[in-house]
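Asks: need a structure here:
(one chain, ligands or ions: 1)
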Amino acid sequence: MSTIESVLVENRVFPPSEAMQKAARIGGMDAYNALCKEAEDDFQGFWARHARENLVWDKPFTQVLDESNKPFYKWFADGQLNASANCLDKHVGTPVENKTAIIFEADDGTVTKVTYRELLDRVSQFANALKAHGVKKGDRVLVYMPMTVEGVIAMQACARIGATHSVVFGGFSAKALQERIIDGGAVAVITANYQLRGGKELPLKAIVDEALAMGGCESIKNIFVFERTSTACAMVAGRDKTFTEVLKGQSTDCPPEVVDAEHPLFVLYTSGSTGKPKGVQHATGGYLLWAKMTMDWTFDLRAGDIFWCTADIGWITGHTYVAYGPLAAGATQIIFEGVPTYPNAGRFWQMIEKHRCTIFYTAPTAIRSLIKASETDEKVHPKNWDLTSLRILGSVGEPINPEAWMWYYRNVGGERCPVVDTFWQTETGGHMITPLPGATPLVPGSCTLPLPGIMAGIVDEAGNELPNGAGGILVVKKPWPSMIRTIWGDPERFKKSYFPDELKGYYLAGDGAVRDAQNGYFRITGRIDDVLNVSGHRMGTMEIESALVAKTDLVAEAAVVGRPDDVTGEAICAFVVLKRSLPHGDEAKAIAKELRDWVAKEIGPIAKPKDIRFGENLPKTRSGKIMRRLLRSLAKGEQITQDTSTLENPAILTQLDQTY
Ligand code: WT7
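Replies: From the prediction side, this is the model:
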């Protein structure tokens with residue numbers, strides 16, 4: 001049974017225990033409903049109250065929401081603050097000052113702890129180093145770092161001096177890096193010589209060099225290199241400096257640069273439905289507010305919690321729930337450098353036990369791969385570790401199928417911990433639709449209800465609200481503080497992508513959804529555009545197609561679709577027409593490998609097609625349109641039920657049957 005079907009028949013409900021209800025910070029379902037009502041009755045008052053309670057403002061705001069230039073909304077626009085001060089300085093003189101901020105576990109298991117005080121000093125020192133090299137407020141800085149304390153320091157230091165960071169995931173290629181440097185006009189790169197993952201030392205700095213060598217990156221004046229390992233890497237005199245060099249003599253005191261609430265805190269690139277990734281721009285005040293509030297609400301955060309979000313800082317989850325949210329909330333968090341399967345697939349469970357983790361937040365793909373591993377190897381099953389410290393489990397990035405949800409709930413959470421299935425996006429900055437621990441009755445596979453203040457709804461193509469039970473387009477009917485502000489350098493694309501004219505000014509999420517006929521719970525049914533979700537990573541089909549056809553000596557035409565995959569959620573399937581005769585057997589295998597390696601170089605290994613199929617042509621209508629629905633059926637191995645009478649060349653269907 002497919003995921004969506006099994007969600008539709010899901011009727012298990014897990015209400016919170018009475019004890020949990022009593023203890024929950026949100027204070028149960030009545031309190032949740034009261035907050036929703038407050039937001040409905042006095043929308044701006046609701047947000048103003050929370051913004052005053054949750055953030056430290058250097059200059060208090062007098063205006064809450066500025067709608068004068070829709071959809072370019074502004075929040076708290078005349079207020080001023082600094083994000084880093086709200087994550088670090090604010091704790092000075094409180095019990096949090098000497099609390100552990102980060103428990104860092106390296107790939108090899110080495111553990112280092114950093115207190116809030118120490119983190120503040122290190123961020124300040126690095127911020128001074130950036131300033132000493134001419135990096136200033138308003139500049140863009142590209143961060144290409146491993147999952148380390150220094151990765152967070154790099155981001156926080158940018159925020160401290162008012163520079164806008166643009167973090168690129170360490171798995172992206174030189175080409176992807178070059179595109180992002182050019183698009184953002186970055187003045188500096190913060191990177192490491194190498195990264196350690198799964199016992200392997202992988203280059204980072206060398207990829208930055210390769211990106212710069214491709215040209216067009218003349219805006220880059222400095223490259224700061226964190227020496228993660230003792231292995232040397234090539235350094236260009238005058239341009240490249242090690243962390244050790246630049247930190248030498250720098251003071252640990254760096255007054256935070258106060259910025260306007262709307263000042264761009266960061267730009268983070270994500271895939272859309274064209275070949276070009278979009279630079280999602282977030283604002284300082286609204287973003288940080290929601291990062292802090294959702295830490296408290298969604299994770300029911302308490303002083304003694306040990307929070308662990310497994311996401312890399314290269315993704316939005318790692319921005320909001322590693323680099324900013326936990327610090328703004330004064331939490332102790334675990335940062336893990338390595339991969340869940342090294343030295344074996346019990347690593348997560350072993351780390352939860354070792355650090356007495358209380359809140360664990362990961363992606364369905366990771367859960368599904370660990371389920372699989374524990375089925376073949378009993379020794380890595382979670383039952384081998386003491387996981388009783390856990391209080392709350394979270395899921396993020398893609399739909400979680402009820403089977404995986406139940407396994408997570410039983411085997412990791414001991415049927416004691418609520419699973420918060422958090423629906424949100426790079427563009428939303430933080431959680432949008434999620435259960436609240438101790439309040440919302442849980443239904444496996446459902447992200448349940450919107451957070452207070454988030455006016456989510458389901459509409460048809462003309463923007464008309466649909467009744468519960470009817471599937472439609474997921475929208476957000478009112479702006480919210482942590483929403484995307486624009487696409488970096490492309491305001492028109494921002495308007496067209498997220499606020500299309502037909503939708504009455506609603507924010508278009510890009511997902512389909514349906515609300516339960518009885519309780520109004522939301523279930524996300526998947527993207528409605530040409531965006532795939534592979535292992536919780538967003539990939540545009542056009543992006544992969546562009547990469548494939550860029551191999552001009554080999555590829556004439558390519559079409560990419562997704563198909564369901566048991567572990568990765570969706571898998572990438574590429575249909576390719578070559579500039580030479582149709583390959584077979586070993587030759588086809590060799591070309592498929594060549595194409596995968598090529599895509600890894602163009603975008604990154606995460607974009608490699610799992611299936612490659614060759615044909616002398618693609619199935620097209622007489623007017624020349626690629627029949628994508630038919631390709632999706634072929635990719636799934638489904639019986640073709642579509643009308644193929646308009647196909648120019650029906651014989652190619654047989655050719656496209658073979659997967660390499
Ligand atoms: C897309 C956003 C959420 C931060 C990490 C991914 C899908 C995300 C869920 C969920 C079903 C989900 C949607 C969304 N998605 N969370 N809990 N249930 N689908 O951020 O890379 O911007 O991707 O991920 O399709 O649009 P992203």
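Asks: buried residues, stretch 589-598. List them.
Replies: 591-592, 595-596, 598 (16 or more other Cβ atoms under 10 Å). Using the backbone N, CA and C atoms, a C-beta is placed for each residue, glycine as well.
Asks: low-confidence stretches in the stretch 301-450 of the chain?
Replies: The model of the stretch 301-450 of the chain has no residue with pLDDT under 70.
Asks: residue 361 - that's part of a strand, no?
Replies: Yes. With the criterion set as DSSP: H, G, I helix; E, B strand; the rest coil, the secondary structure at residue 361 is a strand.
Asks: how many neighbours does the residue lying closest to residue 279 once chain neighbours are set aside have?
Replies: For residue 279, ignoring the flanking residues on the chain, the nearest one in space by Cβ to Cβ, 6 or more residues apart in numbering is residue 488 at 3.1 Å. The tally of other residues near residue 488 (other Cβ atoms under 10 Å) stands at 24.
Asks: next one: the one 4 residues further on
Replies: A count of neighbours around residue 492, defined by other Cβ under 10 Å, yields 9.
Asks: angles on the backbone of it, please.
Replies: Residue 492 adopts backbone torsions of phi -60, psi -40, taken as degrees, to the nearest 10.
Asks: check what pLDDT it gets.
Replies: Predicted confidence (pLDDT) for residue 492: 98.
Asks: the residue nearest to residue 279 and residue 183 touch, don't they?
Replies: Yes. With contact defined as Cβ atoms under 8 Å, residue 488 counts as touching residue 183 (6.6 Å).
Asks: close to the ligand: what parts of the stretch 151-300 of the chain are there?
Replies: With the criterion set to Cβ under 6 Å from any ligand atom, the stretch 151-300 of the chain comes near the ligand through residue 270.
Asks: which stretches of the stretch 151-300 of the chain form strands?
Replies: Defined through DSSP state E, counting those that start in this stretch, the strands belonging to the stretch 151-300 of the chain, from first to last, are 164-167, 188-192, 194-197, 200-203, 222-226, 240-242, 259-260, 264-270, 278-283.
Asks: so which of those is the most surrounded?
Replies: Ranked by average neighbour count under the criterion mean count of other Cβ atoms under 10 Å, the strands of the stretch 151-300 of the chain are headed by strand 188-192 at a mean of 28.
Asks: if we can go back for a sec, from residue 429, how far out is the residue nearest to residue 279?
Replies: In this structure, residue 488 lies at 15 Å from residue 429, with Cβ to Cβ, to the nearest Å as the measure.
Asks: can you put the strands of the stretch 151-300 of the chain in a markdown table and add mean pLDDT?
Replies: Formatted as a markdown table, the strands of the stretch 151-300 of the chain follow (pLDDT from 0 to 100):
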| stretch | mean pLDDT |
| --- | --- |
| strand 164-167 | 98 |
| strand 188-192 | 98 |
| strand 194-197 | 98 |
| strand 200-203 | 97 |
| strand 222-226 | 98 |
| strand 240-242 | 98 |
| strand 259-260 | 98 |
| strand 264-270 | 98 |
| strand 278-283 | 98 |
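Asks: rebuild the ones you listed as a markdown table, extending it with distance to residue 179.
Replies: Supplementary listing: the strands of the stretch 151-300 of the chain in a markdown table, determined by distance: least, Cβ to Cβ, whole Å:
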| stretch | distance to residue 179 |
| --- | --- |
| strand 164-167 | 11 |
| strand 188-192 | 14 |
| strand 194-197 | 21 |
| strand 200-203 | 19 |
| strand 222-226 | 17 |
| strand 240-242 | 21 |
| strand 259-260 | 27 |
| strand 264-270 | 8 |
| strand 278-283 | 10 |
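Asks: right, and those - which one's nearest residue 327?
Replies: Using Cβ to Cβ as the measure, strand 264-270 is the one of those that comes nearest residue 327, at 13.4 Å.
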